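In: I need the structure of the sequence given here:
(one chain, ligands or ions: 1)
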Amino acid sequence: MVQVMTHAHDSGQGHAHDGGHGHGHGHGHSDGKGADFAGAAELLDLDAEVFSGYLADVVALAAAAVPSDRPLRVADLGCGSGTGTLALLERLPEAHVTALDVAVPLLNGLAARAALRGSADRLVTRVADLDAGWPDDLTDLDLVWASTSLHHVADPPARLADVRSALAPGGALVLVEIDDVGPFQPTFLADDGLETRIWEVVRADLARAMPYHGADWGRVLADAGFTIATDRLFDIRLAPPLPESVSRLAVMSVQRLMEWFASGTADRLRPQDAAALAELAGDGPGSVVHRELAPRALRHVWVARPRGLSQGEIDGPERASRT
Ligand SMILES: C[S@@+](CC[C@H](N)C(=O)[O-])C[C@H]1O[C@@H](n2cnc3c(N)ncnc32)[C@H](O)[C@@H]1O
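Out: Residues are numbered from 1 along each chain as shown. Take a look at the predicted model:
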């Protein structure tokens, strides 16, 4: 059973730090670069599958934000294995999507999946390192979609300025990032004391490796010249009966955490926590799969438009839940 709660915020109200996709995706190396994701398709897909409850809602927000009078030009920045790309291709049947990523294997996998779904003729996959700049010919866009990718990029304000220039009149940016409310997300353990302590250590590393990880994106967007039309926090919690994919994702996530610590920070974990983590990552009776799992992820979504080109309405206070 999946429960998604959404909370709307006033413009500019941000959250100090996100956790994020973090531990699952790319934290195993210090620079957070896309190359870290080259072999991460399974992890990204599992994450998307387990926490899928919110994606249709976000794609619907995107569909409502774009012009309806012309075939759409869409770009997916840091598309990864393409969960968002494929959802957009399906929801916007007239759209042509350019999916950019620095990880070639992920792009190849996405192209293959799009072909299987019959939407390859509307998709261009493109190798691009957004640390190096913006592709000159990526202009006149009706929608730019950036899901949990921008915090990996070296200079998000510069890329947001590029997005602003590349959007056609009436176009919109949909930005998804991951909030840190309590421990880093996603979390799995019902008794989260251990996870909370571990994430505190990871958080300090991330602050150095990826300064925009958990940034106040509402403020970053405003500073980059955007008006925020929608600001919504999705709090995704799964309750029993849990699908089998949850156990696999929990194991992969804990293993990814072990890699993170193996890359140099393990000595900063309390010895008993390091031992507990190793036990969770293993396949013995202490494995995470035998624990009571309570998966939770927070995704923060903004729909934004270049300031001065259009008027956006900020969503009013809202709280909704779906089970
Ligand atoms: C957490 S994944 C998100 C993937 C996908 N958008 C999703 O929501 O599942 C971040 C993605 O950003 C990509 N990325 C990181 N740094 C990048 C860069 N400098 N240029 C292009 N893509 C980058 C990674 O390769 C990875 O696929």
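In: can you tell me which helix or strand the closest residue to G133 other than its chain neighbours belongs to?
Out: Excluding the flanking residues, the one nearest G133 by CB to CB, 6 or more residues apart in numbering is D162, at 7.8 Å. Where C-beta positions appear, they are placed from N, C-alpha and C, glycine not excepted. D162 belongs to helix 156-166 when assigned by DSSP states H and E.
In: Can you tell me what sits against the helix or strand following that helix?
Out: Using DSSP H and E, the next helix or strand after helix 156-166 towards the C-terminus is strand 167-177. Strand 167-177 is contacted from outside by 18, 20, 58, 61-62, 65-67, 73, 84, 140-148, 150-151, 160, 163, 214-215, 217, 221, 226, 229, 299-306, 309-310, using CB atoms under 8 Å, 6 or more residues apart in numbering.
In: Can you give the contact residues for the helix or strand just after strand 167-177?
Out: The helix or strand immediately downstream of strand 167-177 is strand 187-189, counting by DSSP H and E. Identification of contacts with strand 187-189 by CB under 8 Å, 6+ apart yields 195, 246, 249-250, 253-254, 288, 291-297.
In: Which phi and psi values does the closest residue to the ligand within the chain adopt?
Out: For the chain and the ligand, the shortest gap (CB to the nearest ligand atom) falls at G80, measuring 2.4 Å. Main-chain torsions, G80, degrees, to the nearest 10: phi 60, psi -140.
In: and the closest residue to it other than its chain neighbours, which of the three is it?
Out: Among residues not flanking G80 along the chain, L44 sits closest, at 4.9 Å (CB to CB, 6+ apart). Three-state assignment for L44 (DSSP: H, G, I helix; E, B strand; the rest coil): helix.
In: V251 too?
Out: helix.
In: shift numbering so it begins at 19
Out: I'll keep to 19 as the first residue from here, and by that count the last item is V269.
In: how many neighbours does it have?
Out: Neighbour count of V269, defined by other CB atoms under 10 Å: 19.
In: Is the residue nearest to G151 in contact with A150, as I believe?
Out: No. Judged on CB atoms under 8 Å, D180 makes no contact with A150 at a distance of 11.6 Å.
In: Now do the SS call for P85.
Out: P85 ends up coil, using three-state DSSP.
In: Quick check: phi and psi at it.
Out: As for P85, its main-chain torsions (degrees, to the nearest 10) stand at phi -60, psi 150.
In: repeat for the one 5 residues further on
Out: Geometry field for L90 lists phi and psi as phi -90, psi 140, criterion degrees, to the nearest 10.
In: I figured it was touching A113, is that so?
Out: Yes. Between L90 and A113 there is a contact under CB under 8 Å: 4.0 Å.
In: Are there residues contacting both of those two? Which ones?
Out: D160, L161.
In: What separation do you get for V171 and D249?
Out: 21 Å (CB to CB, to the nearest Å).
In: Can you give me the neighbour number for the residue nearest to L298 when sequence neighbours are not counted?
Out: Spatial nearest neighbour of L298, excluding adjacent residues (CB to CB, 6+ apart): V306 at 4.3 Å. By other CB under 10 Å, the residues close to V306 number 22.
In: One more: G151?
Out: 12.
In: Hmm, V219 is touching R288, no?
Out: No. Counting by CB under 8 Å, V219 stays clear of R288, with 9.1 Å between them.
In: And the two? Which one has more around it.
Out: V219 (19 against 12).
In: Model confidence score at that one, please.
Out: Looking at V219, its pLDDT is 82.
In: Can you tell me the SS state at it?
Out: helix.
In: residues from this structure in reach of the ligand?
Out: Counting by CB under 6 Å from any ligand atom, the positions of the chain adjacent to the ligand are 39, 43, 51-52, 55, 62, 66, 96-98, 101-102, 118-121, 124, 146-149, 165-167, 170-171.
In: Using the three-state scheme, assign the residue lying farthest from the centre of the chain.
Out: What lies farthest from the middle of the chain is P303; by CA atoms, centre = their mean that is 32.0 Å. Under three-state DSSP, P303 falls in the coil class.
In: give me phi/psi at R323?
Out: According to degrees, to the nearest 10, R323 has phi -130, psi 150.
In: count of residues packed around A296?
Out: The burial count for A296: 15, using other CB under 10 Å.
In: Please apply the same query to P89.
Out: Neighbours around P89, by other CB under 10 Å: 11.
In: Help me confirm that D253 is found in a strand?
Out: Yes. Counting by three-state DSSP, D253 falls inside a strand.
In: So what sits opposite it in the bridge?
Out: M23, L316 (DSSP bridges).
In: Show me what the host helix or strand of A293 packs onto, helices and strands only.
Out: Assigned by DSSP H and E, A293 falls within helix 289-299. Helix 289-299 sits against helix 211-227, helix 262-278, with contacts defined as 3 or more CB pairs under 8 Å, 6 or more residues apart in numbering; DSSP states H and E.
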